[in-house]
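Colleague: Just the structure for this:
(2 chains)
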Amino acid sequence: MGKGRWCFFPGMLVLCVFLIFSGGNASAQERFVTYLSLADYTGAIAGLNVPADMGVEDYFKDLNARGGVDGVKVKFIGVDTRYDVARGVSAYKRYRTEPKLLVVNAIGTPIGKAVGPLASKDKLVQIVPGDGEFQAHIGRIFIWGPAYQDSFAAAMDWIASDWKARGKTGVPNVGFISWDSAYGREFLRGGKEYAEKIGIPLLKPEFFPPGALDHTVYLTRLASAGANYIFAGGVDPTPTNVIRDGHKLGLTKTIQFLADYWGPTEPVGVRAHPEALEGTVITSYYLRGEEAKKHPLTSSLWTKYRGKPIADLNEAYGAGIVWGLDFEEGLKIALKDVGYNKLDGEAMLKAYQKLAGFKRQGITGPNAYSPTSRRGSWEIKFYRVKNAKVIPITDWVKAPDAVSLHKF
Amino acid sequence: MNFLGKRMSFFILPVIVFVLLAGCKGMTPAPAAPAAKIEEAPPLQVTLPPTLPAMLVILKTRIYFAGSGYVPNEMVVVEMEVPPGVEIPAVKPGEPVGVAFAQADEAGKFTADVSPSAKILTFLRGNILPTLAPDPKSFKPIPYGIYVFVATGAESGRASKTRIEFIPPEKK
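Modeller: Predicted coordinates for the structure are as follows:
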C-alpha cells in the first residue's frame, strides 16, 4: 500500500505537466464560431431555402473537415421559421447569445427587416436577400448580391438592347407583376426611376396578393396596356405559375417574359412547365442551369454530401455555398486582425467590409462589400429557358446603381 | 348539432385583449402585514371549432397582446409555451413558439397582433403553400386547453405571462 501511494504522486505530477503543456492544443480543438440561419425548411419558400442552406451547411462541413480556419471551426445553426416573422424574431431571441455568434442570415425580406434592429444592437453581421434600403442606409446588414432594384435596372438595359436587336424602333412597353409584399415592391424602388431615366415607359405595375392561384386578370391588364415585356417576380413556383397563366392566354407568343433571382429553377419550375417557360429570360446573380451543375465546387460538394444525381441540383445550392465562402474569408481576416479570444461581431463586421474583390470562385460576381457598400456583388447574368434547360445568354454584366435613384 | 345554425352565438369571437402587467421590480416592499393574496384572473377563452370551414373563423378574429412597463422602443416578443405532448410542426419539444411581436412605444407600452400566418402555422398547425396560399386541408388545430403566452422585452428581459384557453364550440 505504501509503495502504491508513493507511485501515485509521480503519476499526478506527470499528469499535471501533460495538462499544462497540452492546454493550448486542447482549447484549439474546442475553438468554434457560430453562424445562425433563420431559415425556411417547411414553409412557403422552402423550395429555394432548403437547397441554399444545404449549400452553406455542406460548405461548413467541408471547411471543418479541412480543419476550419486556423483551427477554428464553424457551428451551423439552422432554424426552421417556416417563413413566419414572429417565429423568426423568436428564434433570434433564443439563439442570440450563442457563443461566438458572428453572422445571422435572415432568409426572407420581412424576417430580415424585423430582426435587423435586434442583430444590429447585438453588434452582429446580418445578411439578407436583396433590399436596397440596406445599401441606402449603411449599417450592419449586408445583401446577398446586387440589390433587387439594381437587378431590375440591369433587366431594363437588357430589354432596351433586345428591343433594338429585334430591329424594333422606338421604345418597348414594360410590365411588372409580383407579390404585393415588401419584397415584391422593392424592385421598383429605384427600378422605376431607372426605367424613366433610360426612357422606357413602365406600365402600371400589377401586384397580386400572395396566395393568388390565378394571375389571368393581372396579365390581361398588362397585355391590354401594350406590354412587350413582362418582368414577373415572386419566389418559384410563383413566377412559373404567372408565366404558365400567360402561356394559357397565348401571351408568351408576343410578350417576352422575364423573371428575377428567385425565378424558375431547373428542378422545380422548368421541370414542371417546360413548354410554358420556353424562352423565359431569368436575371440572376448566381450561376444557373448547367453552369451551376458543372461548377467544380458546387458539383463536388453536392456529390460528396448529398449523394444525389447532379440533375437534381437546385441552383440555389450554389448561392448558399457563397454565404459559406464569404464567412470563411471574413473569418480569416477577423482572426488575423484580432485573434480568436477577441473575435466578435464587431471584428466580423470590419472583416466583411474588407471582402470587396473576393472572387467567390465565380459562382457569383466578385464580392462588393466595403465600408460604403452592402451589395454582395454587382454582376448579373441573363439566362434563357430553352428545351427545359436554363442556358446563359450573356456573360456577367455590371448592374446599374438603381438604389441611389430612390429616396429611401 | 348544426354549428352553422348557431354560428352567431358560437363564432362571434370578441377582440381579445390581454393586458400584461410588467414585473413588480422597483416597487417598495410592503411593510410587515398579512401576505397579499393575488387572485389569478381566469384565462380568456377562444372558441376553436375542430372542423372546416368553421375553424377558419379564427383567421378573421383579431387576437392581440398588449402590455406596459417595457423599455421604450424595445422589441417585445410574444411566445406560446407548448405543453408536453403537443406537437407543433417545426417546433422542437420544450421550446416556445413565437406568435407575435411589436416595438414598445415611448411609454414602454406595446400592442402585438397575431398574424394570419402565425394563426395558421401555430393555432391551426397547418401549412402555407409555396404560392403563399394557406392549405386548409393541412389544418389540425391545437388540442383544447390552457396555453401560456409570455411577452418578453428583447432588451430588458422583462417578461409577463397571460393565458388563453382554447375551447370547443358550446354544445347544446
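
Colleague: what does the stretch 151-300 of chain A put close to chain B?
Modeller: Neighbours of chain B within the stretch 151-300 of chain A, by C-beta under 8 Å from any C-beta of the partner chain: A:179, A:210-213, A:235-238, A:241. To be clear about C-beta, it is placed using only N, CA and C from the backbone, and glycine gets the same treatment.

Colleague: For residue 136, the count of nearby residues, please.
Modeller: By default, I'm working from chain A. 17 (other C-beta atoms under 10 Å in any protein chain shown).

Colleague: Hmm, no, I was thinking of chain B.
Modeller: 15.

Colleague: and if you look at A:Ser37?
Modeller: The number of residues near A:Ser37, taken as other C-beta under 10 Å, comes to 27.

Colleague: picking that back up, which of the residues of the stretch 151-300 of chain A next to chain B are buried?
Modeller: Neighbour-count burial (16 or more other C-beta atoms under 10 Å in any protein chain shown) is assigned, among these, to A:179, A:210, A:212, A:235-238, A:241.

Colleague: In the stretch 251-400 of chain A, which residue sits nearest chain B?
Modeller: Chain B sits closest to A:Val268 of the stretch 251-400 of chain A, with a gap of 8.8 Å, by C-beta to the nearest C-beta.

Colleague: How about the stretch 1-150 of chain A?
Modeller: Nearest residue of the stretch 1-150 of chain A to chain B (C-beta to the nearest C-beta) works out as A:Ser90 at 2.6 Å.

Colleague: Going along the chain from the helix or strand that contains that residue, find the next helix or strand for me.
Modeller: Here A:Ser90 sits within helix A:85-95, counting by DSSP states H and E. Following helix A:85-95 in sequence order, the next helix or strand is strand A:101-106 (DSSP H and E).

Colleague: and that next one, what does it pack onto?
Modeller: strand A:32-39, helix A:85-95, helix A:109-121, strand A:125-128, helix A:316-338, helix A:345-352 (3 or more C-beta pairs under 8 Å, 6 or more residues apart in numbering or on different chains; DSSP states H and E).

Colleague: quick check: domain ranges of chain A?
Modeller: Domains of chain A are assigned by automatic domain parsing as A:31-146+A:296-303+A:311-377, A:148-284+A:381-405.

Colleague: want to try a markdown table for those domains, with mean pLDDT as columns?
Modeller: A markdown table is the format used below for the domains of chain A (pLDDT from 0 to 100):
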| stretch | mean pLDDT |
| --- | --- |
| domain A:31-146+A:296-303+A:311-377 | 97 |
| domain A:148-284+A:381-405 | 96 |
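
Colleague: Which of these sits closest to B:Gly145?
Modeller: domain A:31-146+A:296-303+A:311-377 (21.1 Å; C-beta to C-beta).

Colleague: Can you classify the residue of the stretch 251-400 of chain A closest to chain B as helix, strand or coil?
Modeller: The local conformation at A:Val268, judged by DSSP: H, G, I helix; E, B strand; the rest coil, is helix.

Colleague: Just put the domains of chain A in CSV and tack on distance to B:Arg125.
Modeller: Shown next, in CSV, are the domains of chain A (distance: least, C-beta to C-beta, whole Å):
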stretch, distance to B:Arg125
domain A:31-146+A:296-303+A:311-377, 11
domain A:148-284+A:381-405, 18
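
Colleague: Which among those domains is found nearest to B:Val91?
Modeller: Closest to B:Val91 of these, according to C-beta to C-beta: domain A:31-146+A:296-303+A:311-377, at 8.4 Å.

Colleague: Now do the end-to-end distance for that closest one.
Modeller: 31 Å (C-alpha to C-alpha, to the nearest Å).

Colleague: got it, and stretch A:371-382?
Modeller: Termini of stretch A:371-382 sit 29 Å apart (C-alpha to C-alpha).

Colleague: so where do the strands sit in the stretch 251-400 of chain A?
Modeller: Using DSSP state E, counting those that start in this stretch, the strands of the stretch 251-400 of chain A run over A:256-259, A:281-284, A:379-386, A:389-392, A:397-398.

Colleague: just chain B next, same as before
Modeller: Per DSSP state E, chain B carries strands over the ranges B:16-20, B:44-47, B:63-67, B:75-80, B:97-103, B:110-113, B:127-128, B:134-135, B:145-153, B:159-167.

Colleague: By mean pLDDT, show me the worst of these.
Modeller: Lowest mean pLDDT of the strands of chain B: strand B:16-20, a mean of 47.

Colleague: sorry, back to before: in CSV: the buried ones among the residues of the stretch 151-300 of chain A next to chain B, plus distance to B:Pro143.
Modeller: Shown next, in CSV, are these (distance: C-beta to C-beta, whole Å):
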residue, distance to B:Pro143
A:Trp179, 34
A:Pro210, 29
A:Ala212, 33
A:Val235, 33
A:Asp236, 36
A:Pro237, 33
A:Thr238, 34
A:Asn241, 36
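
Colleague: ok, which pair from those residues is furthest apart?
Modeller: Most distant of those, by C-beta to C-beta, are A:Ala212 and A:Asp236, 15.1 Å apart.

Colleague: what residues are up against the residue in chain B positioned nearest to chain A?
Modeller: With C-beta to the nearest C-beta as the measure, B:Gly98 is the residue of chain B nearest to chain A, at 2.6 Å. Contact analysis of B:Gly98 by C-beta atoms under 8 Å, 6 or more residues apart in numbering or on different chains lists A:84, A:86-91, A:93, B:77-79, B:118.

Colleague: Same check on A:Phe76?
Modeller: So A:Phe76 contacts A:35, A:37, A:56-57, A:60 (C-beta under 8 Å, 6+ apart).

Colleague: Apply 6 Å and report the result again.
Modeller: Going by C-beta atoms under 6 Å, 6 or more residues apart in numbering or on different chains, A:Phe76 touches A:35, A:57, A:60.

Colleague: do A:Trp396 as well
Modeller: A:Trp396 touches A:365, A:379, A:381, counting by C-beta under 6 Å, 6+ apart.

Colleague: and the residue lying closest to the second one once chain neighbours are set aside, backbone torsions?
Modeller: Beyond its immediate neighbours in the sequence, the residue positioned closest to A:Glu379 (C-beta to C-beta, 6 or more residues apart in numbering or on different chains) is A:Gly365, lying 2.7 Å away. According to degrees, to the nearest 10, the main-chain angles of A:Gly365 amount to phi -70, psi 170.

Colleague: so how far is A:Tyr285 from A:Gly365?
Modeller: Separation of A:Gly365 from A:Tyr285 (C-beta to C-beta, to the nearest Å): 7 Å.

Colleague: Looking at those two, which is more packed in?
Modeller: The residue with more neighbours, out of A:Gly365 and A:Tyr285, is A:Tyr285; 29 against 23, by other C-beta under 10 Å.

Colleague: correct me, but that one touches A:Thr364?
Modeller: Yes. If you go by C-beta atoms under 6 Å, A:Tyr285 and A:Thr364 touch, sitting 5.4 Å apart.

Colleague: Quick check: residues of the stretch 1-150 of chain A near chain B?
Modeller: Proximity of the stretch 1-150 of chain A to chain B is confined to A:42-44, A:47, A:80, A:82, A:84, A:86-87, A:89-90, A:93, A:118 under the rule C-beta under 6 Å from any C-beta of the partner chain.
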